[in-house]
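Colleague: Structure for the following, please:
(one chain, ligands or ions: 1)
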Amino acid sequence: MSATTSAPLLQARGISKSFGAVKAVDDVDITASPGRISAVIGPNGAGKTTLFNALSGFSAADAGTVTLDGRDITSLPPHRIARLGLVRTFQTARPLRTATVLENVLAGTYLHGRGGIGAALFPTPRVRRAEAALVERSRATLAAVGLLAEQDRYPDELAAGQLRLLEIARGLAAEPRVLLLDEPAAGLNKVETSRLEESLLEIRASGTAVLLVEHDVDLVLRVSDHVTVLDFGRLLRSGAPEDIRRDPAVAAAYFGTEDPVPAPSDEGGA
Ligand SMILES: Nc1ncnc2c1ncn2[C@@H]1O[C@H](COP(=O)(O)OP(=O)(O)OP(=O)(O)O)[C@@H](O)[C@H]1O
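Modeller: Numbering: from 1, shown residues only. Predicted coordinates for the structure are as follows:
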């Protein structure tokens, strides 16, 4: 576990959300802190996406509060929450298909744009310099996720794994303080997953608070500083990855066995 003791940037308390009789999320607390990766895992239908939607303003919770850097963001719409520094990615990548990879990332920098239509039609040298800086930053973001070589290609020309990395780059382009990643490893092959893992560690090192929903338990237990396990909408366990791995209740909920979660499959592992 990381020794970092910085205060949580994102703090959610008592989050609940029902769909009819289904308590999708039931009184869950969660935090995310700068320079740390916090993960949320749990079996299908455990409430992970519903929790993400509540945190990011995409679907209001029935109860609970969410604060970002001490400010109550519980009832704010997603675009206001994004402007305050909490950005999310989606399970299904949503690129702009008629724009290149670089342009897609550039579009993600919009939160920092100042120009407006006047600046676009009559760009002053200052506006041009600001644009050049955004292009440079977007290239650096692409490099961080290993996609710089694809900058002039179109999303439809990318492999599934590259599309996921592009989705993350688009999120990073907004320079979030808190980045919510919804199943970033879904559909990735082994090589792409290790590229993703490197990117996650770089994002953490940059001081961003990362909240990760992910089915790849091996990946989660390798990269996370803290893990929250949901089961049927409720918090089952919360702790350091090594404790989660050994916890019989987690193994039972997740794998239907009380054996500990198997150790990460290194070379030649099962
Ligand atoms: N819009 C909705 N309408 C009705 N029920 C919903 C809705 N969204 C989610 N649910 C239900 O809420 C529960 C939690 O779903 P959720 O998608 O949050 O789980 P999850 O942990 O993200 O699952 P998965 O790992 O399969 O993505 C499930 O029982 C699901 O069927």
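Colleague: and residue 127, that's in a strand?
Modeller: No - counting by DSSP: H, G, I helix; E, B strand; the rest coil, residue 127 is not found in a strand; it is helix.
Colleague: all strands in this structure, in order from the N-terminus.
Modeller: 10-19, 22-32, 37-41, 63-68, 71-72, 86-88, 178-182, 209-213, 226-231, 234-239 (DSSP state E).
Colleague: any chance of those strands in TSV, plus mean pLDDT?
Modeller: Formatted as TSV, those follow (pLDDT from 0 to 100):
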stretch	mean pLDDT
strand 10-19	97
strand 22-32	97
strand 37-41	96
strand 63-68	97
strand 71-72	96
strand 86-88	94
strand 178-182	95
strand 209-213	96
strand 226-231	96
strand 234-239	95
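Colleague: In JSON lines, list the ones you listed along with mean neighbour count and distance to the ligand.
Modeller: In short, each C-beta sits where N, CA and C put it, glycine included. Converted to JSON lines, these look like this (neighbours: other Cβ atoms under 10 Å; distance: least, Cβ to the nearest ligand atom, whole Å):
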{"stretch": "strand 10-19", "mean neighbour count": "18", "distance to the ligand": "3"}
{"stretch": "strand 22-32", "mean neighbour count": "20", "distance to the ligand": "3"}
{"stretch": "strand 37-41", "mean neighbour count": "25", "distance to the ligand": "8"}
{"stretch": "strand 63-68", "mean neighbour count": "19", "distance to the ligand": "15"}
{"stretch": "strand 71-72", "mean neighbour count": "10", "distance to the ligand": "23"}
{"stretch": "strand 86-88", "mean neighbour count": "25", "distance to the ligand": "13"}
{"stretch": "strand 178-182", "mean neighbour count": "25", "distance to the ligand": "8"}
{"stretch": "strand 209-213", "mean neighbour count": "26", "distance to the ligand": "7"}
{"stretch": "strand 226-231", "mean neighbour count": "23", "distance to the ligand": "7"}
{"stretch": "strand 234-239", "mean neighbour count": "18", "distance to the ligand": "11"}
